[in-house]
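# Could you look at this predicted model? Sequence included:
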Amino acid sequence: MGNKLVELRNVTKSFGKVRAVDDVSMYVGENEIIGLIGDNGAGKSTLIKILSGVHAPDSGEIYVRGEKVARWSVARAQQARIETVHQDRALVVQQSIARNIFMGRERTSFLGIINVKEQYAEAERLMREIGFTSKVFTPDSVVSTLSGGERQGVAIARAMYFDADLIILDEPTTALSLTESEKVFSFMRAAKEKSHSTIFISHNIYHAYDIADRFVIIDRGRVVVDAEKARFPSAQALVEEMQLIARTGHQSA
């Protein structure tokens, strides 16, 4: 882990009388994959919405590359090069891979005309970098013809094009087969090789264990574990830690 890309210090967020995020401190370092895990209602979604700027914290501080940021928002998060890939991936499946990658941020000439040739070349480069090695797929391939894992790859490629230092993946392997999930992991590893960090949110502890370098476990709005993978010798050890937290609210010694 290198320098800290993003850091939360004592961040709290409430909705009415419900404190969804309670005095959370955590960070994301350069070139790492964090597995963010916890039960339903633990506060993962709220925490991710804070990181992506959808929710401003009620209290606490947010730092980007060591600099404190005021008036946190979606625009500020994007300026900090944080991109979120939601469960629905926000793809237009009737359009091509290239159109989806550049949608909303097209490459244009000074006259405002879309440079289709340049976008095609850039989309092809991103596809090959992230692991679309089959010649079956081209930037003209329609997204609806892709599998679930491949669609996640398009969404990750789009985040890489937006020059995201941090890519947040919200349950990217939900309803995917083992083979399709492995495709998503390959895309994530390719992104890491290009120096993009990732937060991987998942209910599947085994998936999180396979891909993450570090684990942040959240329970009832609080971070209860922040540990390198080496602390857990197996996925089962991580499962047992989660079970202990669910029963007692405390981590193991």
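Received, thanks.

# can you give me the helices for the stretch 101-250 of the chain?
Listed in chain order, the helices of the stretch 101-250 of the chain (DSSP state H, counting those that start in this stretch) span 116-130, 148-161, 178-193, 205-211, 235-248.

# I'd like to know which of these is closest to residue 41.
helix 235-248 (11.6 Å; CB to CB). Every C-beta, even on glycine, is put in place using the N, C-alpha and C of the backbone.

# Low-confidence ranges, the stretch 51-200 of the chain, go.
Applying pLDDT under 70 to the stretch 51-200 of the chain flags the ranges 88-89.

# quick revisit: comparing the helices of the stretch 101-250 of the chain, which comes out most buried?
With neighbours defined as mean count of other CB atoms under 10 Å, the helices of the stretch 101-250 of the chain peak in mean count at helix 148-161, which reaches a mean of 23.

# got a list of contacts for that helix?
With contacts defined as CB atoms under 8 Å, 6 or more residues apart in numbering, helix 148-161 is touched by 83, 85, 89-91, 93, 97, 100-103, 105, 122-123, 126-127, 129-132, 137, 143, 146, 167, 169, 172, 175-176, 179-184, 187-188, 191, 194, 196.

# repeat that for 6 Å
Residues from elsewhere that reach helix 148-161 (CB atoms under 6 Å, 6 or more residues apart in numbering): 83, 85, 89, 91, 97, 100-101, 126, 130, 167, 172, 176, 180, 183-184, 187, 191.

# Show me how far it is from its chain's centre.
On the basis of CA atoms, centre = their mean, to the nearest Å, helix 148-161 sits 11 Å off its chain's mean C-alpha point.

# tilt between that helix and helix 178-193?
10 degrees (axes from the mean of the first three to the mean of the last three CA atoms, to 10 degrees).
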